[in-house]
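**Student:** Just a sequence and a predicted model for now, questions to come.
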Amino acid sequence: MHHIPVKLGEGGRLVIPAEIRKTLGLEIGDELLLHMENGKLVVMTRKQAIQYVQEQMSRYDVGQRVLSEELMEERRGEERDE
């Protein structure tokens, strides 16, 4: 693992070095998502975050069920009942 030191700037700003931005394909203005994991700060692109959640959810075996569709149908039923 290659560590690159950076300093926390005024207002809590963190500059991601050009080498890392290039490797990750980041452009100025890209939205990044942060979360804490085991006491560490994790920075991800939206695409990486979606992949991370999909990997976490794949641990749960729901067979042939499509939970997102079930949830949407449940919400539609609630709307009809109002």
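**Tutor:** Now that the structure is in, tell me what you want to look at. Numbering: from 1, shown residues only.
**Student:** All the strands of this protein, in order from the start?
**Tutor:** With DSSP state E, the ranges of strands along the chain come out as 32-37, 40-45.
**Student:** Need the winner for burial among those.
**Tutor:** Greatest average neighbour count among these goes to strand 40-45 (a mean of 12), per mean count of other C-beta atoms under 10 Å. For every residue, glycine as well, the C-beta is placed using N, CA and C.
**Student:** Relative to that strand, what are the paired strands and their orientations?
**Tutor:** Paired strands of strand 40-45, with direction, are strand 32-37 (antiparallel) (DSSP bridges).
**Student:** and for the strand it pairs with, what are the contacting residues?
**Tutor:** Applying C-beta atoms under 8 Å, 6 or more residues apart in numbering, the contact partners of strand 32-37 are 26, 41-46, 49.
**Student:** try 10 Å this time
**Tutor:** Identification of contacts with strand 32-37 by C-beta atoms under 10 Å, 6 or more residues apart in numbering yields 14, 16, 24, 26, 41-46, 48-50, 52.
**Student:** Reformat those as a markdown table; add distance to residue 32.
**Tutor:** Converted to a markdown table, the contacts of strand 32-37 look like this (distance: C-beta to C-beta, whole Å):
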| residue | distance to residue 32 |
| --- | --- |
| 14 | 10 |
| 16 | 9 |
| 24 | 9 |
| 26 | 8 |
| 41 | 11 |
| 42 | 10 |
| 43 | 5 |
| 44 | 7 |
| 45 | 6 |
| 46 | 8 |
| 48 | 9 |
| 49 | 9 |
| 50 | 13 |
| 52 | 13 |
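**Student:** Name the nearest residue to the residue nearest the centre of the chain, ignoring sequence neighbours.
**Tutor:** By C-alpha atoms, centre = their mean, the chain has its centre lying nearest to residue 49, at 2.3 Å. Nearest in space to residue 49, with sequence neighbours left out and distances taken as C-beta to C-beta, 6 or more residues apart in numbering, is residue 33 at 4.8 Å.
**Student:** Thank you, goodbye.
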